[in-house]
Every structure is written in structure tokens, then in C-alpha cells.
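Novice: dropping a prediction and its sequence here:
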Amino acid sequence: MSSSIVSSVRILIVGVMLTLAVPLSAPAKTVSPDFVALAKKLTPSVVNIRAAKNIKLRQRIQRPHSNNPSDKFFDDFFGQFFDQMPQQRPRREQSLGSGFIISSDGYILTNNHVVSGADEVTVKLSDGREAKGEIKGVDEKLDLALIKINEKDKLPFTELGDSDALEVGEWVMAIGNPFGLSQTVTAGIVSAKGRVIGSGPYDDFIQTDASINPGNSGGPLFNTAGKVIGINSAIIAGGQGIGFAIPINMAKDIITQLRENGKVTRGYLGVQIQSVTPELAKSFNLDAEKGALIADVVKDSPADKAGLKAGDIVLEFDGKKINEYNELPRLVATTPVDKKTKITVFRDGKRLELNVTVAKLKDGDTEATAITANESEKIGLTVKELTKAMAEQLGIRDSKGLVITEVKPGSSAEEAGVVPGSIIIEINGQRPDTLNKFNAAVAKIKKGDVVRLLLRRQDGSVHYVAMSAD
């Protein structure tokens, strides 16, 4: 064998050995973003916002006219006393926040709570210039506000990214004015998506460990491409390292509406929904805990006209799958008014497709026998037929039906969140308007069976609960 062939074989063997020495599952090396370059590029588009408003102070209450001599004495005495005191002026209150320029002609996006109620807004640019800001419109439900400043020169502005494409673990950077300290840059990762923190009906926050503090509100959250993917909005008190941002995709349509109309119009369906728990999914014979369970349908609403019913589970809306129940309100809200939309529901073990025409969301929309008792050990409830007197005592509008008067401690019903005072609308799909019918439905239940109840609470809300028979 020639020396050249031997050399080739040796090289080949060494190459194979080196290849095998590298683990097949070894991840690619992650390169940290160049935060220095990003900060230099993006900081000029971030602004400081100072909002001011007058707070009216409580004034001295005037006593009604009286002929009582003693009253006149006190009126004269205290009148002279207060007249000698200096008059208090309305107190001026200021709030600080952040914002970012979204167009070269001076439109700025921030949080509504930064400028809410303000009669004067001052915007400070990164180069130190200050300008008077005009509030063009606000969206209280999503906590957004659009401000306009007038400058002769074109302003540096941010580019809006795609928050739907964001993945957990990605690097992000926040720029803002925490505690009034201008142009502060912090970095972190996306900790989670789709967070619901109870701040409003359209919660869908991005959670990040990039430091967000008071004063950061309204500032941008950037991805490593330098595009805005969120609006920094909230922190958890005492929860160090936990911040939340509104996904920019939720804000895009709002920005357009505020810029063109100064207000926001949303779609309306007319249903009350809840999540699908494992127990509820089993009771409806649904193969997975997905979709939005309709607990109630508003009469004459778009949902009612489309044929939707309580007990339907919405699986798709306008071609988009509903995995979590809180996704449905957001999709409906962003649907154009009067648009005819397909909605897919799960009913009686089958998928059903309906057509619904979305309406405009208006203010206020959201979405006699003897008293006998039944105490069922199977479901841990004491139930009575409702009387007018009981309804008045409980503050319930209904005067007919069945009311839960007691929930057995430690029972499946208690664990499922059933509370006394609730009206039973359905049990396992049947409507027991009398105690006899309720007893008959309970008699069919065996130990370990899933029991599904549709209840109306004293506050008027309607919801399903599912539990195992004890």
C-alpha cells in the first residue's frame, strides 16, 4: 500500500473518531445578543412621559339654614375661624411613565394608566427636548393610550414586530424610565406567554424576567431583532423578577382605531363562558380539556340568533382553534362588526358548524309548593324548592326552581366550588324544575360517576361545575 493511501486512511479514521466524539444531542452554542448595539439603536425612540392633573380637595360643608340661636352661634364662630384660614388650592398630582414613538410624525404609544385623567401631558425625548403631548385616544380595557406630539423634525421611531412568533426562552430587552430614571435598559428572557393576571377581560400577557419597575409602564419590550413585541405594563407586588407586557399584536388594530377614530370598537357575541376542566370534558365526552364552554347565552344576542346553546363547547372561531377558553373573547373582540363568521362547537358528542354575525360591543355588555328538602349523600348537597320568600331573603331574582341551601364540608361539591344560595339550572343535561325531578336524576347516579351541574349564583353569573359522586 502506498504511503499516500495510508495517509488518506489515517485521516479518514481520525475524522470518523472526531465525529463520533461529538454527542448527537449536543445543542448549538447560543450567542448572546449584542445589547450594546441594540441599546444605542433603540434608545432614541423611547420617551419619558409626565402626566399631571388637579385633585379637588374636600370643601367645608355648609350647614342648612336654622332658626335655632345655638346653631347661629356655632355658624358665626366656625365661619370666622375658617375665614381666617388660608384657602387651600387644588392639589396637583403627577405620574411618571414611559412610551415609545411609533411614527416619524410623533405618534407615541403608552399605557392608559400612565395618562388617565391627565389635563397636561409632557413628553421628554431622549435628547432632552420636551414637547406637549395630546391624548388622541385611550383603550381602558387593554390599558393603551395613543399620544401625539408636534415636532418640526422627523422623529426616530420603533418597528413593530410579531408577538405571535415569540417563543419562551427568547432574549428580550426593556427600555424605560423606572422610578424616573430616564433611559434605563434591562434584559432577560421570555418566561411564559398567555398569562392571565386578572387585570382585564383580554388578559394575554408576556411574562419576562427583564426588570420592569414603576415608571417602566408604557415602555417597549424588544426582541433581539430590535422590534417591539410588547408594551411593558404590570408587575407583581413583591414578585421580584416577574414583569408582564401586552403583546404588540393585540395593540396593532387598537393603534389604527385610536389614530383614525379616537376610540375603539369591538365585536360582541353574547355568551358567558368558562374553562373546560378534566371533569367537565369527561362529562361531555370530549377527548381533551380544550375549547370554551358556554354556560349561558344572552337572549337575542348574535350567539342566540346563530343557534348557540348553553353546554356547547366552542372549538374554533373564524378558522382559529380555541385551546384555552380566554382566547375566545380576544378573537371576538378583534372581529369586525357585522362580519359573518363560522363557529365550530362540540354538542351531543359531535362537531357542529354554525354561522354567526358579530355585533358591536356596547357599554354594559359582557359578555310554589311546600318547602321540602333533599339531602343527597351522593353529591353532598341539600336542595330545596325555591319560594318567593326565600328568593327575597337570598336576594335572588328567580322565584321558582331549586336552590342549594347547604354544601357538605369535604364533599366533591365543596371541592368543585359549589356554594349555598346557587340555583340549579341543570343536572347532567336535565332541567329539574321540581324536587321530584331532581331526586329522579340523582337516583340514576352511581358512586364515582361524573355529575355535571349548571348553576346560577346570587350575583347572576352562570357556570358549569363537574364533580365525582361521593
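Specialist: Yes, it's here.
Novice: show me where the stretch 51-200 of the chain has helices.
Specialist: Taking DSSP state H, counting those that start in this stretch to define them, one finds helices in the stretch 51-200 of the chain at 69-84, 112-115.
Novice: got any ranges where the stretch 51-200 of the chain has weak pLDDT?
Specialist: 56-90, 179-180, 198 (pLDDT under 70).
Novice: let's see that with 50 instead.
Specialist: 60-64, 66, 69-70, 73-74, 77-78, 81-82 (pLDDT under 50).
Novice: need the strands for it, in chain order.
Specialist: 91-101, 107-110, 120-124, 130-139, 144-148, 159-160, 171-176, 184-195 (DSSP state E, counting those that start in this stretch).
Novice: now the stretch 351-470 of the chain
Specialist: 359-360, 373-376, 381-385, 402-407, 423-427, 450-456, 462-468.
Novice: per-domain residue ranges of this protein.
Specialist: 159-261, 267-360, 373-468 (automatic domain parsing).
Novice: turn those into CSV, including mean neighbour count.
Specialist: For every residue, glycine as well, the C-beta is placed using N, CA and C. Output for the domains of the chain, formatted as CSV (neighbours: other Cβ atoms under 10 Å):
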stretch, mean neighbour count
domain 159-261, 19
domain 267-360, 18
domain 373-468, 17
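Novice: of all those domains, which one is nearest residue 153?
Specialist: For residue 153, the closest of these is domain 159-261, at 19.2 Å, according to Cβ to Cβ.
Novice: for the residue most central in space within the chain, give me phi and psi.
Specialist: Closest residue to the average C-alpha location of the chain: residue 203 at 1.8 Å, with Cα atoms, centre = their mean. Backbone torsions of residue 203, given as degrees, to the nearest 10, read phi -50, psi 130.
Novice: residue contacts, it?
Specialist: 195, 196, 197, 326 (Cβ atoms under 8 Å, 6 or more residues apart in numbering).
Novice: that older thread, let me have the strands of the stretch 51-200 of the chain in a markdown table, extended by distance to residue 208.
Specialist: Converted to a markdown table, the strands of the stretch 51-200 of the chain look like this (distance: least, Cβ to Cβ, whole Å):
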| stretch | distance to residue 208 |
| --- | --- |
| strand 91-101 | 15 |
| strand 107-110 | 18 |
| strand 120-124 | 25 |
| strand 130-139 | 22 |
| strand 144-148 | 18 |
| strand 159-160 | 18 |
| strand 171-176 | 6 |
| strand 184-195 | 5 |
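Novice: out of those strands, which gets nearest to residue 40?
Specialist: Among those, the nearest to residue 40 by Cβ to Cβ is strand 184-195 (9.9 Å).
Novice: helices or strands up against the helix or strand following that closest one?
Specialist: Using DSSP states H and E, the helix or strand that follows strand 184-195 in sequence is strand 205-208. In this structure, strand 205-208 makes packing contacts with strand 184-195, strand 227-235, strand 243-247, judged by 3 or more Cβ pairs under 8 Å, 6 or more residues apart in numbering; DSSP states H and E.
Novice: mind checking these for the one nearest to residue 431?
Specialist: strand 184-195 (35.4 Å).
Novice: report the buried residues of stretch 123-132.
Specialist: Judged by neighbour count using 16 or more other Cβ atoms under 10 Å, the buried positions of stretch 123-132 are 123, 124, 125, 126, 131.
Novice: the fourth one and residue 230, how far apart?
Specialist: The gap separating residue 126 from residue 230 is 20 Å, by Cβ to Cβ, to the nearest Å.
Novice: quick one on the thing from earlier: and of the buried residues of stretch 123-132, the nearest to residue 104?
Specialist: For those, the nearest to residue 104 is residue 125 (13.0 Å; Cβ to Cβ).
Novice: gap between that closest one and residue 102?
Specialist: Distance from residue 125 to residue 102, by Cβ to Cβ: 14 Å.
Novice: mind putting the domains of the chain into CSV with distance to residue 112?
Specialist: Output for the domains of the chain, formatted as CSV (distance: least, Cβ to Cβ, whole Å):
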stretch, distance to residue 112
domain 159-261, 9
domain 267-360, 16
domain 373-468, 26
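Novice: check these for me: which has the lowest mean pLDDT.
Specialist: Least confidently modelled of the domains of the chain is domain 373-468, at a mean of 79 by mean pLDDT.
Novice: what is the neighbour count of residue 34?
Specialist: Using other Cβ atoms under 10 Å, residue 34 has 11 neighbouring residues.
Novice: just to revisit the earlier point, dump the helices and strands packed on strand 205-208 to TSV, plus distance to residue 289.
Specialist: Shown next, in TSV, are these (distance: least, Cβ to Cβ, whole Å):
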stretch	distance to residue 289
strand 184-195	15
strand 227-235	27
strand 243-247	24
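Novice: and these: which comes nearest residue 309?
Specialist: Of the helices and strands packed on strand 205-208, nearest to residue 309 by Cβ to Cβ is strand 184-195, at 27.8 Å.
Novice: any idea how far that closest one is from the chain center?
Specialist: 18 Å (Cα atoms, centre = their mean, to the nearest Å).
Novice: tilt between that strand and strand 171-176?
Specialist: Comparing the axes of strand 184-195 and strand 171-176 via axes from the mean of the first three to the mean of the last three Cα atoms, to 10 degrees yields an angle of 120 degrees.
Novice: pairing partners for strand 184-195, with directions?
Specialist: If you go by DSSP bridges, strand 184-195 pairs up with strand 171-176 (antiparallel), strand 205-208 (antiparallel).
Novice: so how far is residue 417 from residue 408?
Specialist: From residue 408 to residue 417 the distance is 14 Å (Cβ to Cβ).
Novice: surely residue 136 meets residue 148?
Specialist: Yes - because the distance of 5.2 Å satisfies Cβ atoms under 8 Å, residue 136 is recorded as touching residue 148.
Novice: please enumerate the shared neighbours of these two.
Specialist: residue 107.
Novice: more neighbours: those two, which one.
Specialist: Using other Cβ under 10 Å as the criterion, residue 136 and residue 148 rank with residue 148 on top: 19 against 16.
Novice: and residue 256, backbone torsions?
Specialist: Here residue 256 shows phi and psi, under degrees, to the nearest 10, equal to phi -60, psi -50.
Novice: what do you get for the one 3 residues further on?
Specialist: Dihedral pair for residue 259: phi -70, psi -40, per degrees, to the nearest 10.
Novice: ok so, going back, output the strands of the stretch 351-470 of the chain in CSV; the columns should cover distance to residue 272.
Specialist: As requested, the strands of the stretch 351-470 of the chain are exported to CSV (distance: least, Cβ to Cβ, whole Å):
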stretch, distance to residue 272
strand 359-360, 16
strand 373-376, 27
strand 381-385, 22
strand 402-407, 19
strand 423-427, 12
strand 450-456, 10
strand 462-468, 6
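Novice: got the CA coordinates for stretch 245-260 in PDB?
Specialist: Output of stretch 245-260 as PDB, limited to C-alpha atoms (Å, rounded to 0.1, in the frame of the first residue of the first chain):
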ATOM      1  CA  ALA A 245     -46.100  43.000  28.800                       C
ATOM      2  CA  ILE A 246     -49.100  43.400  26.500                       C
ATOM      3  CA  PRO A 247     -48.300  41.500  23.200                       C
ATOM      4  CA  ILE A 248     -47.900  44.100  20.400                       C
ATOM      5  CA  ASN A 249     -50.100  42.100  18.000                       C
ATOM      6  CA  MET A 250     -53.100  42.800  20.400                       C
ATOM      7  CA  ALA A 251     -52.300  46.500  20.100                       C
ATOM      8  CA  LYS A 252     -51.900  46.900  16.300                       C
ATOM      9  CA  ASP A 253     -55.600  47.100  15.500                       C
ATOM     10  CA  ILE A 254     -56.100  49.300  18.500                       C
ATOM     11  CA  ILE A 255     -53.500  51.800  17.400                       C
ATOM     12  CA  THR A 256     -55.200  52.100  14.000                       C
ATOM     13  CA  GLN A 257     -58.600  52.700  15.500                       C
ATOM     14  CA  LEU A 258     -57.300  55.300  18.000                       C
ATOM     15  CA  ARG A 259     -55.400  57.100  15.300                       C
ATOM     16  CA  GLU A 260     -58.300  57.200  12.900                       C
END
